[in-house]
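**Q** dropping the sequence and predicted coords here.
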Amino acid sequence: MFRLFRRISSPGVITWVRDAAEAMDFGERFHALELAVSFNPDWDYDTDDPFNDDKSKAWINAQGQHQGTCVHCANCDAGCQVRAKNTLDLNYLPLAEKHGAEVRPLHIVRKITPLSGDGYRVDYERIKKRPPDTRS
């Protein structure tokens, strides 16, 4: 089974971040954070080409979504190309759809009100697309 949460494993990264926190007088607040990322316990820095996407192991999560395990490439902020990061599109949204929710792109939910009996009222706002830029 894959581990879903893990602390940062690179001692170098932890040292750099801790040193930066201490330099700003926040050393007492420093601690490694748990990550909502799927890790393969067999992944190893000493493997041939360890950061290659081919080192990711495919699996299907509890919501039936295809995911992979982390290859430690540091693309977490930009978007995980192997789907190891547990993002809304891989967990809560599919679960909500399984329970009858309708997911609408370009909509912002402003309020959710439970209805007496069963269901919810969802107040939302539609995001309007901007007109094309006509500047030359």
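**A** Yep, that arrived. A quick note: this is a predicted structure, and the numbers were derived from the prediction, not measured.
**Q** quick check, Thr113 in a strand?
**A** Yes. Judged by DSSP: H, G, I helix; E, B strand; the rest coil, Thr113 forms part of a strand.
**Q** OK, contacts around it?
**A** 120-123 (Cβ atoms under 8 Å, 6 or more residues apart in numbering). Glycine gets a C-beta too; all of them are placed from N, C-alpha and C.
**Q** swap in Leu106?
**A** Neighbouring residues of Leu106 by Cβ under 8 Å, 6+ apart: 126-127, 129.
**Q** and for Ser116?
**A** Residues counted as contacts of Ser116 (Cβ under 8 Å, 6+ apart): none.
**Q** relative to Glu102, how far out is it?
**A** Distance, Ser116 to Glu102, using Cβ to Cβ, to the nearest Å: 21 Å.
**Q** likewise for Trp16?
**A** For Trp16, the distance to Glu102 equals 45 Å [Cβ to Cβ].
**Q** neighbour count winner among those two?
**A** Taking neighbours as other Cβ atoms under 10 Å, Trp16 and Glu102 compare with Trp16 leading, 11 against 8.
**Q** residue ranges with poor pLDDT in this protein?
**A** Along the chain, the parts satisfying pLDDT under 70 run over 1-13, 133-136.
**Q** how about the strands in it?
**A** 3-7, 34-39, 59-60, 66-67, 107-114, 120-126 (DSSP state E).
**Q** so what's the gap between the third one and the chain middle?
**A** Same thing as strand 59-60. Offset of strand 59-60 from its chain centre (Cα atoms, centre = their mean, to the nearest Å): 16 Å.
**Q** which secondary structure elements does it contact?
**A** Where contact means 3 or more Cβ pairs under 8 Å, 6 or more residues apart in numbering; DSSP states H and E, strand 59-60 is packed against strand 66-67.
**Q** quick one, helices of this structure?
**A** Listed in chain order, the helices of the chain (DSSP state H) span 11-23, 92-98.
**Q** so can I have CSV of those helices showing distance to Ala74?
**A** Formatted as CSV, those follow (distance: least, Cβ to Cβ, whole Å):
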stretch, distance to Ala74
helix 11-23, 9
helix 92-98, 25
